[in-house]
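K.L.:
Pasting a predicted model and its sequence here:
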Amino acid sequence: MKKLLYLGFLLLFTLALAACGGSDEESNGIPVNADSSVSADSGEKKKLRISLGLNDQTPLYKSSVKFKELVEAKTDSLEVEVYHSGQIADDRSAIEMLQFGTLEITIPSTAPFTSFVPEYGVFDLPFTLTDTDIVDSVLQGPFGDKLAEKASSQGVLQLAWWENGFRQLTNSKKAVKSIDDLKGLKIRTMENEIHLGAWSAMGANPTPMAFTELFTAMQQKTVDGQENPYPTIFLEKYPEVQKYLTETNHIYSPFIFLISQKTWDGLSEEQREIVQAAALEAGEHNRDLSRETAASALEELKGLMEYNKIEGAELEAFKKSVQPVIEKYKSTIGEDFVNEYLEEIEKAQ
Ligand code: TK8
């Protein structure tokens, strides 16, 4: 019911924007296209706005600028604008704006997308993807293509797999050296029921929250901790509000490059080829930059936070605790699809 009300509000908001003259109307300084499906035939330069949750220091933002450069070098008919730090919307709202056609591109984590396409939940099954070679083999191959195609059922197209990275735990309360240390820790999770289930199974007290609210929640201590890849932890300045850093590698998070179907339908064949090629090329750049940045960010973080790594018997205890969660969500995601995913991982090892 709540979701229906929310969608109704979003639709009214969109229609209101359209009524006030629509295209390029300033809305708190952000040009808002009432209709992203302006046809390429109209001859006017088409604007592609990218909504990102992370700030302008991150590999995600820098790779989006790379995408802009690649597109604008190939055609004068397209103009790319990159909006960072959730200026336009948080992940889930941005995806809904793509569905309505009031935003052209967003590049979220897969976790919030699972409420639109459950099969993306395979990445939320903890401790399944364990290194970048396996990640690349699974995502850059037929399985990744097959999964990406499922996005089109929701009025958006996934043009490429980008990288968020291996997720690590931070908190302001205590060092987490064993699973018992998680007891009662209020951990913010992405808006995804598998993450909630996994952190509960590990003994923490998880709470789902949009990324745009996370820093304030840590600052005000309404949550004790969170989990994200090293580039985010360092470049979003979490050491200012978090004391303990625990290397868990509990999940590998992809970013997905999504474009509104309505936007795509309004592009010419030539424009589509340019946009598709740029999303893939900028994605390769993004993966390289993400991995370099994760390594350098960890070295910086070791000087700013109390760091420890979960390994050996302690890591086995974490893995054991989430096995029931993996079994439980196999049916939600689709048993056959999960088995196909696990077989792909097996093959890549
Ligand atoms: C940024 C988010 C973020 C994600 C999260 O838009 O919410 O913790 O890891 O990177 O997608």
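P.N.:
Thanks, I have it.
K.L.:
Could you use CA atoms for every contact and neighbour count after this?
P.N.:
Will do.
K.L.:
Can you tell me the number of residues neighbouring residue 142?
P.N.:
Residues contacting residue 142 under the criterion other C-alpha atoms under 10 Å number 12.
K.L.:
And what about residue 196, helix, strand or coil?
P.N.:
When classified by DSSP: H, G, I helix; E, B strand; the rest coil, residue 196 comes out as helix.
K.L.:
For stretch 234-242, what is the distance to the chain centroid?
P.N.:
Counting by C-alpha atoms, centre = their mean, to the nearest Å, stretch 234-242 is centred 19 Å from the centre of its parent chain.
K.L.:
low pLDDT regions in the stretch 101-250 of the chain?
P.N.:
For the stretch 101-250 of the chain, applying pLDDT under 70 flags no range at all.
K.L.:
which residues in the stretch 151-300 of the chain form helices?
P.N.:
193-201, 214-219, 230-235, 261-265, 269-302 (DSSP state H, counting those that start in this stretch).
K.L.:
just checking, what packs against the first one?
P.N.:
Applying 3 or more C-alpha pairs under 8 Å, 6 or more residues apart in numbering; DSSP states H and E, one finds that helix 193-201 makes contact with strand 186-189, strand 205-208, helix 312-333.
K.L.:
What residues does the chain have near the ligand?
P.N.:
Residues of the chain lying close to the ligand by C-alpha under 6 Å from any ligand atom are 52-54, 91, 108-109, 190, 211, 228.
K.L.:
Helix, strand, or coil at the residue in the chain that the ligand sits nearest to?
P.N.:
Here the chain gets closest to the ligand at one residue, residue 53, 3.2 Å apart by C-alpha to the nearest ligand atom. Assigned by three-state DSSP, the conformation of residue 53 is coil.
K.L.:
Tell me which of the helices of the stretch 151-300 of the chain sits nearest to residue 86.
P.N.:
helix 214-219 (11.5 Å; C-alpha to C-alpha).
K.L.:
and for that closest one, what are the contacting residues?
P.N.:
188, 223-225, 238, 241-242 (C-alpha atoms under 8 Å, 6 or more residues apart in numbering).
K.L.:
just the buried members of these?
P.N.:
188, 223-225, 238, 241-242 (16 or more other C-alpha atoms under 10 Å).
K.L.:
Would you reformat the residues you listed as TSV and include distance to residue 181?
P.N.:
Formatted as TSV, the buried ones among the contacts of helix 214-219 follow (distance: C-alpha to C-alpha, whole Å):
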residue	distance to residue 181
188	16
223	16
224	13
225	13
238	20
241	19
242	16
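K.L.:
ok, back up a step: buried deepest among the helices of the stretch 151-300 of the chain, which one?
P.N.:
helix 230-235 (a mean of 24; mean count of other C-alpha atoms under 10 Å).
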